[in-house]
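Enquirer: Structure for the following, please:
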Amino acid sequence: MKSKRANSAVGTVGDGRNRAPIGPGPVQNILAAATLLSPLALGVVALALGVYQISVFDVVRSLLSPVIPDAAIDVPEIPRRLVLYVRLPRVLAALAIGAGLGVTGTVFQGIFTNPLVDSGLLGVTAGAGFGAAVVMLLGGGAAMIQLGAFGFGLLAVAIAFLGARRHASAPKIVLTLMGILVGSFFASLTSLLKYLADPLDTLPAITFWLMGGLTGVSWERIPFLLAVTSVGIAVFVLVRWRLNVLSLGDAEARALGMNPERMKLVLIAVATLVAAAAVSVGGVIGWVGLVTPHAARMLVGPDHSRLVPMATALGAAFLVAIDTVSRSVLSAELPLGVLTGIIGVPLLVLLLRRQGVGW
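Expert: Just a heads-up that it's a prediction; the model follows:
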């Protein structure tokens, strides 16, 4: 009964006696399969591209060298170390952050039934930015910056959620409003810290961090990011059909035996953890969680059983491609947050024109 009613949210055509589901056609299925494999292919290409060009064959042999020592016996030491110790952690971070932002944007859009929201809706991005700025102002290192950004990102969402609990008449609207207010509050505090910071040292560091980027990513920051992102994505995949039920409305979800408030709390908590982990490593990177769910919806439709893995793959592929462009096209590396806005806005306009008004 649950899956039958939940699948009705995907969309049907025809009369009540003979309904045909609206779903992706053969071309969309081929594109979807290629998209699911694209992060791996783009990751290998990203390892090869850069100021120092490395052949794909040498990249593959370098990746195999920790397991098969003789695999990279003919690869020069500089390209091998560049792949393993400089580019690989950066590419893994881009894949994890892109996947996390893409899937959390999809989850938030499903929870709030609104195509204009992303993972930063409840203030996690602004809170994380403030936490990082505080640590930078106090002279903390990279690990402390990551911890401060992660902690204050969670704190911002907790404040928004606790502030919205007193108003049960319109929970979505009040929670959205509280998220906007908390985000604006932390953004103002960050501006205050930038005003107080040393303009020759701390201020540039805060400014560049808030623009987003993966320049300083090293292996020490990868395990935490991969662990949180992997667990979060696994949770979303396991409960993806419940997002179909939530999209029907709270009354319909209760009729199907679900506690919508509890499920939303779990999904928001997990999505916040994933988004906070992404921001704590990569800084403020916008538009990924807004563009990729729309692109994924065009490929596989609104059924979250297909939409969640597709948005995950698209987010990973999108950000690793953007990061490769940022460090390869120009001699000076561009911040990721700047590039995602420059590329993401026209791309979203194009997607909306092709998608029409339906959602």
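Enquirer: Could you use CA atoms for every contact and neighbour count after this?
Expert: Noted.
Enquirer: Am I right that Val284 is in a helix?
Expert: No: counting by DSSP: H, G, I helix; E, B strand; the rest coil, one finds Val284 to be coil, located in no helix.
Enquirer: residues in contact with the spatially most central residue of the chain?
Expert: Note on the chain: the residue nearest the mean C-alpha position is Leu101, at 0.8 Å, using C-alpha atoms, centre = their mean. Residues in contact with Leu101 (C-alpha atoms under 8 Å, 6 or more residues apart in numbering) are Ser119, Val274, Ala275, Ala278, Val288, Gly289, Gly315.
Enquirer: of those, closest to Tyr85?
Expert: When those are ranked by distance to Tyr85 (C-alpha to C-alpha), Ala278 comes first, at 20.3 Å.
Enquirer: Identify the spatial nearest neighbour of the closest one, chain neighbours not counted.
Expert: Excluding the flanking residues, the one nearest Ala278 by C-alpha to C-alpha, 6 or more residues apart in numbering is Ile97, at 4.9 Å.
Enquirer: One more: Ala295?
Expert: Nearest one to Ala295, counting by C-alpha to C-alpha, 6+ apart, is Leu351 at 6.7 Å.
Enquirer: returning to that earlier point: and the strand or helix carrying the residue nearest to Ala278, average pLDDT?
Expert: Take DSSP states H and E as the rule and Ile97 turns out to sit in helix 88-112. In this model, helix 88-112 has a mean pLDDT of 95.
Enquirer: got it, and stretch 158-167?
Expert: In this model, stretch 158-167 has a mean pLDDT of 84.
Enquirer: Extract the C-alpha set from it and format it as PDB.
Expert: Provided in PDB are the C-alpha atoms of stretch 158-167 (Å, rounded to 0.1, in the frame of the first residue of the first chain):
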ATOM      1  CA  ALA A 158      19.800  23.700  15.700                       C
ATOM      2  CA  ILE A 159      18.800  27.300  16.600                       C
ATOM      3  CA  ALA A 160      16.600  27.500  13.500                       C
ATOM      4  CA  PHE A 161      14.900  24.200  14.400                       C
ATOM      5  CA  LEU A 162      14.400  25.000  18.100                       C
ATOM      6  CA  GLY A 163      13.000  28.500  17.200                       C
ATOM      7  CA  ALA A 164      10.500  26.900  14.800                       C
ATOM      8  CA  ARG A 165       9.200  24.300  17.300                       C
ATOM      9  CA  ARG A 166       7.000  26.800  19.100                       C
ATOM     10  CA  HIS A 167       4.900  27.400  16.000                       C
END
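Enquirer: List of residues touching that stretch?
Expert: Residues from elsewhere that reach stretch 158-167 (C-alpha under 8 Å, 6+ apart): Leu122, Gly123, Pro171, Val174, Leu175, Met178, Gly179, Val182.
Enquirer: what about the fifth one, which helix or strand?
Expert: Secondary structure here is read from DSSP H and E; on that basis Leu175 sits in helix 171-196.
Enquirer: ok so, going back, in ChimeraX, how would I select just the buried ones from the contacts of stretch 158-167?
Expert: Applying 16 or more other C-alpha atoms under 10 Å to those leaves a buried subset, and the ChimeraX line that selects it is:
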select :122,123,174,175,178,179,182
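Enquirer: Export the contacts of stretch 158-167 as CSV, with columns for pLDDT.
Expert: Below are those laid out as CSV (pLDDT from 0 to 100):
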residue, pLDDT
Leu122, 92
Gly123, 92
Pro171, 71
Val174, 87
Leu175, 88
Met178, 92
Gly179, 92
Val182, 95
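Enquirer: Tabulate the contacts of stretch 158-167 (a markdown table), appending distance to Val75.
Expert: Formatted as a markdown table, the contacts of stretch 158-167 follow (distance: C-alpha to C-alpha, whole Å):
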| residue | distance to Val75 |
| --- | --- |
| Leu122 | 48 |
| Gly123 | 47 |
| Pro171 | 59 |
| Val174 | 58 |
| Leu175 | 55 |
| Met178 | 55 |
| Gly179 | 51 |
| Val182 | 52 |
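Enquirer: Which of the contacts of stretch 158-167 sits closest to Arg81?
Expert: Gly123 (38.8 Å).
Enquirer: hang on, that closest one packs against Val157?
Expert: Yes: with contacts counted by C-alpha atoms under 8 Å, Gly123 reaches Val157, the gap being 5.8 Å.
Enquirer: shared neighbours of these two, anything?
Expert: By C-alpha under 8 Å, 6+ apart, the residues touching both Gly123 and Val157 are Gly179.
Enquirer: follow-up on the earlier one: okay, angle between the helix holding Ile97 and helix 171-196 too, please.
Expert: Interaxial angle of helix 88-112 relative to helix 171-196 (axes from the mean of the first three to the mean of the last three C-alpha atoms, to 10 degrees): 140 degrees.
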